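In: The following block contains a protein sequence and its predicted model.
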Amino acid sequence: MARKRNKLRAATRLKLQQIVRLYHAGKGVEEIAMLLGETIGNVTDLTNHQEYRKLEAEYADKLYKPVDSMLQQRNAQRIMEDVSPDAAEALAALLFDEDPTERRRAATAILDRSGHGPIQRRAILKRLELDPVSAKLLSEAMKDAVVEEIEAEVVND
């Protein structure tokens, strides 16, 4: 007897899954009933089933969460693209601030964001460990750049 109930439950669950999929495909109750060979009343009863609500919520999560996440990411990206010029302009304006600390912070922020920060330099050196000649040339170039930065600061101060 228990075996027969499990088969009925499995069949009912399968029918509920089919109804959920058809509903999310834009089909109405009448069309679902016709496609599944059920009566409209049967389909309506199945959509009122507690298991149907659970399956519908699971299906909606799988179907819509990635889309919602992607839309939120795109909106955030658009916002960042819209305000980036203003942020860059504000950062550039800080280069001419009266406070030398603010000028230094702005210069460091600009260099860091343009790929000239200490982390990027260390990564480049790490990649070039196998090529000591290139590492030495890069190191000398960076020293020259640092010297130029210091000379520029001395002139500006």
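Out: Nice, thanks for sending it over. Numbers count the residues shown, from 1 in each chain.

In: Now Glu102. Nearest residue, chain neighbours left out?
Out: Leu94 (5.4 Å; C-beta to C-beta, 6 or more residues apart in numbering). From N, CA and C alone the C-beta is placed, and that goes for glycine too.

In: Contacts only, for that neighbour.
Out: Glu102, Arg103, Arg105, Ala106 (C-beta atoms under 8 Å, 6 or more residues apart in numbering).

In: go on, Arg103?
Out: Leu94, Leu95, Phe96, Asp97, Asn156.

In: Go ahead and report the secondary structure state at the fourth one.
Out: So that's Asp97. coil (DSSP: H, G, I helix; E, B strand; the rest coil).

In: what's the spacing between the closest residue in space to it that isn't next to it in sequence and Ala93?
Out: Distance criterion C-beta to C-beta, 6+ apart; nearest residue to Asp97, sequence neighbours excluded, is Arg103 at 5.3 Å. Separation of Arg103 from Ala93 (C-beta to C-beta, to the nearest Å): 11 Å.

In: Longest helix in this structure, by number of residues?
Out: For the chain, the helix with the greatest residue count under DSSP state H is helix 50-94.

In: And what about Lys27, helix, strand or coil?
Out: With three-state DSSP as the basis, Lys27 sits in coil.

In: residues near it, how many?
Out: Neighbour count of Lys27, defined by other C-beta atoms under 10 Å: 15.

In: got it, and Val20?
Out: 23.

In: Surely it and Leu55 touch.
Out: Yes: contact criterion C-beta atoms under 8 Å: Val20 and Leu55 qualify, at 5.1 Å.

In: now the one helix or strand Glu102 maps to against helix 50-94, angle please.
Out: According to DSSP states H and E, Glu102 maps onto helix 100-111. Per axes from the mean of the first three to the mean of the last three C-alpha atoms, to 10 degrees, the angle that helix 100-111 makes with helix 50-94 is 130 degrees.
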